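Participant: my questions concern the predicted model and sequence given below.
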Amino acid sequence: MLFESSIKGIAAKRLTAVEIDPDRSHQHEFNSMAQFKSILGAEKRQLQAAFVWLAADGEAVLEARDQLTWYDARQNNPERSEFHLYYRGNPVLERAQVNDLLIFIVLSDNRVTVLLCPAGSPIEDQLIWLFDIQDNGPRLMVRALDETRILLSTFISNEILTRIGLSVAMRDKAFQNQVLSDFDMQMPETGRLAVYIQDRFGRDYDPVRQPDDLLLHLRQKEEQAFLALEAYELDLRLQRGFANSNDFIACSLSIQNRRKSRSGYSFEHHIAFLLKANDLPFSQGQITENRNRPDFILPGIDAYRDPGYDPAKLFALGAKTTAKDRWRQILSESDRVAHKHLATLEPAISAHQLAEMQARQVTPVVPAALLNSYPPEYAGMLLTFRDFFEQLQSKLGIKRPLQTGGI
């Protein structure tokens, strides 16, 4: 599904029993919808809707199509209006529970995507942050296009949307064409593409003063390059066609797996680029105890393996684009490092998960742009990439480099 500037508005509300519980009502209507009139107007209309039920971790596990009817139940009463949104019924809403969050994304042609999120889930926290949703309970909250477009323009926002099966169209056609030409229409291996992006855009922000901005910038540019190459590759595959349904499914799974794998390796490549730009010595992917391979050991694997080296000056940095449960993998990867660090792009990590990280002596390292997405009571335990690099330079006695570029 394509999201560009065609977004007309976003609305959200929590579900009540009378809206979704068949024991309470068979009306199939969303109530308290008066504010939706600012997006849909006052005239009765039919809307084509795509419903998506999201599991707690953000995977879109169930989708369904339905038709919505927007109407004024008291249209014959000149003194009163009562707007409702009628739905026919679909498998997604059959999973709905009271107090689950419902998000409506309305496009300019009045097509609607409806996201259903379990109450209290990590993906709910992320979407509340992404769309700047004010939780009004069962009363509808509406966001206009100008507010949502700003949020959708960031790389992190795009990552969340992609995770739930939505995407934002790329507009830099000149860059896409240049990428296709530079790589002869062939998808390069992850490291080569990362270096290509770093060479072209690695000085758009100063890696010393602005490492957080630069990291997101590099990720965004690499995503654009990757998707341009992937789109060309897939067009050729579609032209060849598929032998059968199994062939199609295998192709789809291959695409999804490659995206996930490349995203993680890309993240590591760009962190390594920033560490080098800040004159920080490190080893990447070297073997420690029990044949573990932590993503980064600082100041290096030789210091780590030297029993005489002060363990207070050893650092282990794991790199996980999404935290979820995978962050626990770093706990057993470097026994000599008591307090570990986790670099992640995961916004809105829950208070419960942050509390567990704190108890396990794990400090998240996140882009500065994400800081306001986390529970404020845990602000003190979070580090930006610039914070982390300055801490390393201080502990390791490394002089901070001079400004090397940027804006």
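Facilitator: That came in fine, so what should we check first?
Participant: show me what contacts V362?
Facilitator: By Cβ atoms under 8 Å, 6 or more residues apart in numbering, the residues touching V362 are 327, 330-331, 339-342. Placement of C-beta: from N, CA and C, glycine included.
Participant: please redo it, this time with the cut-off set to 10 Å
Facilitator: The contact partners of V362, by Cβ atoms under 10 Å, 6 or more residues apart in numbering, come to 316, 318, 323, 327-328, 330-331, 339-342, 354, 356, 381.
Participant: before we move on, what about D100?
Facilitator: Here D100 is in contact with 14-15, 20, 53-54, 93, 116-121, 124 (criterion: Cβ under 10 Å, 6+ apart).
Participant: repeat that for I103.
Facilitator: Shown here is I103, whose contacts under the criterion Cβ under 10 Å, 6+ apart are 10-13, 52, 54, 113-117, 124, 127-128, 130-131, 133, 141, 143.
Participant: if you skip the residues just before and after it, what's nearest to T113?
Facilitator: Closest residue to T113 apart from its sequence neighbours, by Cβ to Cβ, 6 or more residues apart in numbering: I105 at 4.4 Å.
Participant: same thing with Q353?
Facilitator: Using Cβ to Cβ, 6+ apart and skipping the chain neighbours, the partner closest in space to Q353 is A323 (6.7 Å).
Participant: let me know the secondary structure of the one you found.
Facilitator: The three-state assignment at A323 reads coil, by DSSP: H, G, I helix; E, B strand; the rest coil.
Participant: over to V92?
Facilitator: helix.
Participant: can you check the pLDDT for it?
Facilitator: According to the predicted model, the pLDDT of V92 comes to 90.
Participant: ok, it to L253 distance?
Facilitator: V92 sits 23 Å away from L253, taking Cβ to Cβ, to the nearest Å as the criterion.
Participant: could you list which of the contacts of I103 belong to strands?
Facilitator: With strands identified by DSSP state E, the entries of those that belong to them are 10-13, 52, 54, 113-117, 141, 143.
Participant: which of those residues sits closest to V208?
Facilitator: Nearest to V208 among those is R143, at 36.6 Å by Cβ to Cβ.
Participant: what bridges to P364?
Facilitator: L342 (DSSP bridges).
Participant: for the protein, what's the longest strand?
Facilitator: Among the elements of the chain assigned as strand by DSSP E, the one spanning the most residues is strand 60-72.
Participant: could you give the angle of it to strand 112-117?
Facilitator: 120 degrees (axes from the mean of the first three to the mean of the last three Cα atoms, to 10 degrees).
Participant: each with direction, which strands does strand 60-72 pair with?
Facilitator: Strand 60-72 has its sheet partners listed here by DSSP bridges as strand 45-54 (antiparallel), strand 83-87 (antiparallel).
Participant: in the longest one, which residues are buried?
Facilitator: Buried residues in strand 45-54, counted by 16 or more other Cβ atoms under 10 Å: 47, 49-54.
Participant: just how off-centre is that strand within its chain?
Facilitator: 22 Å (Cα atoms, centre = their mean, to the nearest Å).
Participant: got it, and stretch 16-23?
Facilitator: If you compare the mean C-alpha spot of stretch 16-23 with that of the full chain, they lie 31 Å apart, counting by Cα atoms, centre = their mean.
Participant: that one - what's its average pLDDT?
Facilitator: In this model, stretch 16-23 has an average pLDDT of 84.
Participant: who touches that stretch?
Facilitator: For stretch 16-23, contacts defined as Cβ under 10 Å, 6+ apart pick out 13, 15, 24-25, 27-32, 85, 87, 89, 93-100, 102, 116, 137-138.
Participant: ranges for the strands of the stretch 101-250 of the chain?
Facilitator: Listed from the start of the chain, the stretch 101-250 of the chain has strands (DSSP state E, counting those that start in this stretch) covering 101-107, 112-117, 141-144, 167-168.
Participant: can I get those strands in JSON lines with mean pLDDT?
Facilitator: Putting the strands of the stretch 101-250 of the chain into JSON lines (pLDDT from 0 to 100) gives the following:
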{"stretch": "strand 101-107", "mean pLDDT": "89"}
{"stretch": "strand 112-117", "mean pLDDT": "90"}
{"stretch": "strand 141-144", "mean pLDDT": "78"}
{"stretch": "strand 167-168", "mean pLDDT": "58"}
